[in-house]
Structures are given as structure tokens and as C-alpha cells.
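# I'd like to go over a predicted model; first the sequence, then the structure.
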Amino acid sequence: MAAVILACTLLSCATPAPGALTNAERRGIADTLRASITAAYDLSRPGNPVDHLMSLYPDTGRVISASGGVVTTSRDSIQAGIRAFWENVGRNMRDPRWMWDSVHVDVLSRDAAALTASYHVPHITPAGQPHVIAGAWTAVFQRRSGRWVVIQEHLSDVRQ
């Protein structure tokens, strides 16, 4: 009888509550988000880097972004900011490699997660000098129509 009670107790502890995420589901979502940001920020990929970065954002609806003390609330504003970065900084980097130093994902539900990451981008300047830009990024992702997209973010650069 004690064995039956022990088995029932162990099974009840191992079974997630209805609707609760399993550890495997949490890992799967976290892995999906890591893969998405790695692909979007892969500066060696052919194609337009602005388009790759914009693939992380929803096609419609509000998106809030805070960076450099400025808050924007539209996809167009985010795209303009990414385009300005690429035209003024990104395209002047030779052999850039976006490197994620740490990526922390908190899965909030099957359709929401928060990600905070630090990164650095070693490259060669137009003058031939080695240089690194770096920073941190926190993003809230939401799954919309089966696709994970950033709905809120905050970026901060490491000042050099």
C-alpha cells in the first residue's frame, strides 16, 4: 500500500498542471528564439541586413522600442532606426561578426517570452583598425500566427 501511495505522489508531482508548460516546451521555445536572433543578426548572410533584422518584428500592429533615450512605437520607426544604423555604421564595418555573449530567455507562456542578451561585434574600421561595438538587448516576444515577433524592446550600447 505504501508503494502505491508513493507512486501516486511521485506521478502527481511529475505531471504538469493542465495548461502549464513542460520543461521540454520551455526549452523548445527558448531554442527557437535563440535560433531566430542568431539568424537575423548573422551579418554574413546574403541579402539585405536591414530585412534580416526586421524579420524579428511583426508586419502590423504596435511595436515599442527604446534605444538611446528615445522611444518609438511603430514598425516604420524601428525600420528607420535600423536602416540608419546600417547606413552609418554597419556598412562601414569590414568582416563584422555578431557574437552573442549571453542569452537569457524567460518563457512566460506558450505565446510570450522575454529575452535579454549581451553581444559584441568585432570588425575592422574603414581605416583598417580593429574595433568592437557592444551592448545589451531586452526583448519581449509574442507568438502571432505561429511566428515569434518582438513587441517591445530596449537596447543599450556599451560606451567606449
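Yep, it's here.

# Point out where this structure drops to low pLDDT.
Where the chain drops to pLDDT under 70, the residues are 1-18, 160.

# So which elements touch the top strand by length along it?
Taking DSSP state E as the criterion, the chain has its longest strand at strand 130-144. In this structure, strand 130-144 packs against strand 112-124, strand 147-157, with contacts taken as 3 or more CB pairs under 8 Å, 6 or more residues apart in numbering; DSSP states H and E. Any C-beta I mention is one placed from the backbone N, CA and C, and that applies to glycine too.

# now it and strand 112-124, what's the angle there?
If you take axes from the mean of the first three to the mean of the last three CA atoms, to 10 degrees, strand 130-144 sits at 160 degrees to strand 112-124.

# for this structure, which helix is longest?
In the chain, taking DSSP state H as the definition, the longest helix is helix 23-40.

# got the buried residues for it?
By neighbour count on 16 or more other CB atoms under 10 Å, the buried set for helix 23-40 is Arg26, Ile29, Ala30, Leu33, Ser36, Ile37, Ala40.

# That one: what's the following helix or strand?
Counting by DSSP states H and E, the next helix or strand C-terminal to helix 23-40 is helix 49-54.

# ok, and what's touching that next one?
Applying CB atoms under 8 Å, 6 or more residues apart in numbering, the contact partners of helix 49-54 are 39-43, 45, 75, 78-79, 82-83, 86, 90.

# what's the answer for stretch 60-79, then?
With contact meaning CB under 8 Å, 6+ apart, stretch 60-79 is reached by 50, 54, 57-59, 81, 144, 150-157.

# Endpoints of it, how far apart?
For stretch 60-79, the first-to-last residue distance is 13 Å (CA to CA, to the nearest Å).

# Report the two of the contacts of stretch 60-79 separated the most.
Arg144 and Asp157 (28.6 Å; CB to CB).

# The longest helix of the chain vs strand 112-124, what angle?
For helix 23-40 against strand 112-124, the angle by the same axes, to 10 degrees is 30 degrees.
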